[in-house]
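Peer 1: fold the following for me, if possible:
(one chain, ligands or ions: 2)
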Amino acid sequence: MRIPDVTTMETTDSSIYIRLIPAQNQQRRMSDSDKDRPLLDELVFDDKSNNPRRRHACTGRFLTMHKRRRKKLQTRALLQDTAILDDVLHGQVQCILNQVGNWRFNAFTLETVTGGRSLPVLCVHLFHWYGLLDHFNLDVVRLWKLFSLIEEGYHSTNPYHNSIHATDVTQAMHCFIQESTILEHLEPIEVMASLLGAVTHDLDHPGVNQPFLIATSNHLAALYENTSVLENHHWRSAVGCLLESGVAEQIQDIRPALENQISSLILATDITRQQEFLTKLRNYLDTDTLDLRLPEHRHFVLQIALKSADISNPCRPWDVSKKWSQKVCEEFFRQGDYERQLNLPVTSLCDRYSTSVPKIQVGFIKFVVTPLFDEWHRFLDSKLSRKMMRNIKHNLIQWEAKVAAELAEETRTEISDAEALEHEVDDDDDEDEGGEVGKLSDSSEGLLPEVKDTRRSSLQVPSFGALRMDRRNSAPVNPPPKIILPLKGQRSRDAIREDMEARFDNDTFSMLSTDSDSFAKGRSSDNSVPDKERPLSAETLVPDLSIAAMSNSACADQLNMVMHGACSMNNTNMLTASTATKQLIRQQTFPPLQPYVRARYMSAAADMGTSCAETLIETKSNSSDSPCEYEPRGVLVSKKESFKREQDAYQMEKSCKIAKISIEPGQKENLDPSITKKNSTRRRGSAPVVVVLPSKTTNEDSSVLTKTEAFIRRGSMPAPVNRNTSDNGAIQPDSQYATNVSLIQRRGSVPCDSYGGYSRNACNGKNRNRKKLLRRRSSGGAEILSPILAEPDDGAGESSSVSSSSWYCFKREMTRNRSDLDTLLSKRRGSLPVEVLAVCHTVQSSLSATQSPLLATQSSLSETQSSLSPTQSTLSATQSSLSAIQSSLSATQSSLSTTQSSLPATQSSLSATQSSLSATQTCTITASSI
Ligand SMILES: Nc1ncnc2c1ncn2[C@@H]1O[C@@H]2COP(=O)(O)O[C@H]2[C@H]1O
Ligand SMILES: [Zn+2]
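Peer 2: Numbering: from 1, shown residues only. Ligands and ions are numbered 1, 2, ... in the order given. Below you'll find the predicted structure:
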């Protein structure tokens, strides 16, 4: 392919800008007039007499509902006179764009000279340069709009994952696909997919990693079932931009194939899949079987290229690379700060108090970058790949030197700290001896400032709460580590090496994107903030308001207060006030994750999904129809070659289609189907949690939500459950973690009555739900705790008052014994808010309170039993005498009956006697008469 010369480019690129200006202004160059900038804005953003930018900025185009903060341009300070300075320095832009294929490219410089528009400027330039505009007959205004939408989709508030990172990765991708080994085989559609994939690969990135989204129950985690959450979101957002810009309309024929390729490229950037790709690449290279004439092999190489481009910043020249390293670590540390505020375990790589930029860089370069670039270099074996390898080595040496310097400084600090403490002890010992030290310590007041001055920041003064945040090193405060001091440096080095190896473990890639070792191991933060600084709830609090924007404006206000207020010590009081009255109740169950839910959420994806299936077959006919009469620029190839490749491309599209269609409804990309099945069957609880704050104002609005300012928890999967059940390589639990979690594991999804109950209470002040709460069959977990968390009120029923008093008992107890709370909090993991844990403790203590009266009752029962036993024996004696009487009675009865039975015989003998007597009498009478 022909690389255009500078003169040609100058003319060509000028024409891009000229074409962007409305017809009546075409004769004017961008830099010619003070009106150029507004004109461009008008053209790009006010097209069709709407104001799309403003509209989208308010409503949010992406699922994070990102409200873009407009970049502050230095020259905007001169708003009233825009003519004085132009944001876009066209001469310099041109100069940089002319060097766009150079590995020394600096995206930050392009960002500056383009007035913050590096992304669309670079991309339109590259599309033009490769001849894609002509080849696909693209409208440059739509294309500009596409890249403006993409630029807008990146969060300018992210230190690293912003549009400059997209620019950087796109330029790196451009460098890679220009490598002759690759370029000669590429189809125009593949070039377009590569550029679009690169520029959108982190679109709408929230600035935190996947474990954080899961731990804070972000709706994206629920939507993508905790699998390649961000990557799935990035490519779907990309498709949304293609649709919205109208570019999709122009490339109907190739759209399914293009979108398939973009999605597959972006999904490959999931860093947890690094090993999978690396093994495959090694295998290809070992067996020398990579054949770029095959579309699937080309696609695989493009996946590797994008993965490499994504982590290529350590391969840049030192000055550029260093800047990226600082930016990415700034974002990591920001996440660590959020985790600390949320009382989540602080991801080790995000903990600014236990690690440093050089340490992270050494680990990242050694364990992530080098293995990939070793293979990439083996494949490319070019001038560029050699340069990159040289840069990696050089940069690694720089960072290692910094780590060594840090260690030396730490050791020095610790020695001087220990010496200072040693002096203190010696001073006490020498007091009577009157030596030199004794002289200095004539007055203890005089000594104090000196000790204070020599003391370094690594030793923490326990009483100074604020200093805690500044503390960096790990030397314990009490007692001074005198004995271990000589070994300290060596120990630290070993510890750091081990630490790094653990952090950059090939299996986990824990710090990067989708895993977090501290989450998995249940490590608690050493720096957990005191209770009063704790924000409202882990369930609702997310780092950037843009991620929380699917709640109402009142929630956004509250989050804003927490997020920005909690950072400043001045606002602690405000926070304390709000946390003191916080209540936790549950809300209705999140809808189950059915395919239709996903479809509803992702209108763009749905659109894409159907069109993919429908129009895939048309792709071939279109691509063969398309004439190859474009300028011989960029990747464009001869007709004959093109035809052959179209056949290959068709084969690949067919295989893509098969792969796509074989995905069952609800199944996620990037996931082994068997794992999906296992996960989905194992998936547990889902009930979101709501934090209700007391009414801020006495608003007349009868809406419960407005009154209570409910923070609606979006996601549904409690983190502990997910971690326990997820075995797809994202997070591996260890046994200790599992044991800890089992204590607080959230249970099923029985909806809690208390939400409705609370609402009614809030409206009319009655306690209609109290009996209901008692009747309710709890599934365990947060829902059982809501009545306990409720503040006592006058009309409280029996159960409520018991619970409330336990809560206050617990609170009192905790205030007395902070260490208990600390222990409790330090055990805490995952997404359950701290309140839930606190209440677990409350329930336990109220249970033990209930147990003691029960025991008393039991002993009195046994006493009663023993006093009863004599009575029982009397009773049994009486019973036996009674039975004796009964038996004598029965004997009497039987003799009576015997007597009775003998009576008739006597009677009959009597009557016989009588009759014999009367016979005798008759005889006598007869005899006498005779
Ligand atoms: N210089 C760096 N140091 C540490 N981590 C990095 C560096 N560059 C990139 N990464 C990580 O690698 C990840 C690659 O994918 P992402 O761009 O989404 O996010 C990136 C960061 O998390
Ligand atoms: Zn990236």
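Peer 1: show me where the stretch 1-150 of the chain dips below the pLDDT cut-off.
Peer 2: 1-89 (pLDDT under 70).
Peer 1: so which residue of it comes closest to ligand 2?
Peer 2: Of all residues in the stretch 1-150 of the chain, residue 107 sits closest to ligand 2, with a separation of 12.4 Å (CB to the ion). Placement of C-beta: from N, CA and C, glycine included.
Peer 1: ok, that residue - contacts?
Peer 2: Going by CB atoms under 8 Å, 6 or more residues apart in numbering, residue 107 touches 118, 164-165, 167-168, 171.
Peer 1: a markdown table for these, including secondary structure?
Peer 2: Output for these, formatted as a markdown table (DSSP: H, G, I helix; E, B strand; the rest coil):
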| residue | secondary structure |
| --- | --- |
| 118 | helix |
| 164 | helix |
| 165 | helix |
| 167 | helix |
| 168 | helix |
| 171 | helix |
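Peer 1: how about the helices in the stretch 51-200 of the chain?
Peer 2: Using DSSP state H, counting those that start in this stretch, the helices of the stretch 51-200 of the chain run over residues 52-59, 90-98, 107-113, 118-129, 132-135, 140-153, 163-177, 180-183, 188-200.
Peer 1: surely residue 202 forms part of a helix?
Peer 2: No - counting by three-state DSSP, residue 202 is not part of a helix but coil.
Peer 1: in contact with it, which residues?
Peer 2: Residue 202 sits in contact with 154, 161, 165-166, 169, 230, 234, 269, where contact means CB under 8 Å, 6+ apart.
Peer 1: apply 10 Å and report the result again.
Peer 2: Listed by CB atoms under 10 Å, 6 or more residues apart in numbering, the contact set of residue 202 reads 153-155, 158, 160-163, 165-166, 169, 230-231, 233-234, 237, 266, 269, 310.
Peer 1: just those residues that are near ligand 1?
Peer 2: Contacts with ligand 1 within these, counted by CB under 6 Å from any ligand atom: 269, 310.
Peer 1: buried among the contacts of residue 202? Make that a PyMOL selection.
Peer 2: Here is the PyMOL command that selects the buried residues among the contacts of residue 202 (16 or more other CB atoms under 10 Å):
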select buried, resi 153+154+155+158+160+161+162+163+165+166+169+230+231+233+234+237+266+269+310
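Peer 1: could you chop this protein up by domain?
Peer 2: 6-310+593-676, 317-528 (automatic domain parsing).
Peer 1: between the ones you listed, which gets the lowest average pLDDT?
Peer 2: Among those, domain 317-528 carries the lowest mean pLDDT, a mean of 67.
Peer 1: list the residues that contact the nearest residue to residue 392 once chain neighbours are set aside.
Peer 2: Computed as CB to CB, 6 or more residues apart in numbering, the closest residue to residue 392 that is not its neighbour in sequence is residue 315, at 5.3 Å. Neighbouring residues of residue 315 by CB under 10 Å, 6+ apart: 103, 172, 308-309, 321, 365, 369-370, 373, 376-377, 384-385, 387-395.
Peer 1: can you give me the pLDDT of residue 904?
Peer 2: 76.
Peer 1: so that it lines up with my notes, have the first residue be 46 from now on.
Peer 2: Okay, using 46 as the starting number, the last item reads as residue 949.
Peer 1: just the element for it, please.
Peer 2: helix 879-974 (DSSP states H and E).
Peer 1: and for residue 337?
Peer 2: With DSSP H and E as the criterion, the answer for residue 337 is that it lies in no helix or strand.
Peer 1: where's it relative to ligand 2, distance?
Peer 2: 25 Å (CB to the ion, to the nearest Å).
Peer 1: tell me the contacts of that residue?
Peer 2: 226-231, 343, 345-346.
Peer 1: so can I have CSV of those residues showing distance to ligand 2 and neighbour count?
Peer 2: Below are those laid out as CSV (distance: CB to the ion, whole Å; neighbours: other CB atoms under 10 Å):
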residue, distance to ligand 2, neighbour count
226, 24, 15
227, 20, 21
228, 23, 16
229, 27, 12
230, 25, 21
231, 22, 25
343, 22, 22
345, 19, 19
346, 19, 25
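Peer 1: of all the residues you listed, which comes closest to residue 930?
Peer 2: Nearest to residue 930 among these: residue 345, at 104.8 Å, using CB to CB.
Peer 1: let's verify that closest one: helix, strand, or coil?
Peer 2: helix.
Peer 1: if we can go back for a sec, and the contacts of residue 360, which of them are in strands?
Peer 2: Using DSSP state E, no member of the contacts of residue 360 sits in strands.
Peer 1: just the buried ones from the residues you listed?
Peer 2: 148, 217, 353-354, 366, 410, 414-415, 418, 421-422, 429-430, 433-434, 436-437, 440.
Peer 1: winner for burial among the helices of the stretch 96-245 of the chain?
Peer 2: helix 233-245 (a mean of 27; mean count of other CB atoms under 10 Å).
Peer 1: that helix vs ligand 1: in contact?
Peer 2: No - Helix 233-245 lies apart from ligand 1 when judged by CB under 6 Å from any ligand atom; the minimum separation is 11.1 Å.
Peer 1: the residue lying closest to residue 396 once chain neighbours are set aside is in what secondary structure piece?
Peer 2: Excluding the flanking residues, the one nearest residue 396 by CB to CB, 6+ apart is residue 381, at 4.8 Å. Take DSSP H and E as the rule and residue 381 turns out to sit in helix 363-386.
Peer 1: check whether that helix contacts ligand 2.
Peer 2: No - contact of helix 363-386 with ligand 2 (CB under 5 Å from the ion) is absent, the minimum separation being 9.4 Å.
Peer 1: by how many degrees do that helix and helix 208-222 diverge?
Peer 2: Interaxial angle, helix 363-386 versus helix 208-222 (axes from the mean of the first three to the mean of the last three CA atoms, to 10 degrees): 130 degrees.
Peer 1: pull out the buried residues from helix 363-386.
Peer 2: 365-370, 372-374, 376-386.
Peer 1: what is it packed up against?
Peer 2: helix 152-158, helix 208-222, helix 255-260, helix 402-409, helix 428-475, helix 562-566, helix 598-612 (3 or more CB pairs under 10 Å, 6 or more residues apart in numbering; DSSP states H and E).
Peer 1: now those in CSV, with distance to residue 920?
Peer 2: As requested, those are exported to CSV (distance: least, CB to CB, whole Å):
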stretch, distance to residue 920
helix 152-158, 98
helix 208-222, 91
helix 255-260, 67
helix 402-409, 83
helix 428-475, 80
helix 562-566, 66
helix 598-612, 71
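Peer 1: quick one: closest of the ones you listed to residue 922.
Peer 2: Comparing these by CB to CB, helix 562-566 comes nearest, at 70.8 Å.
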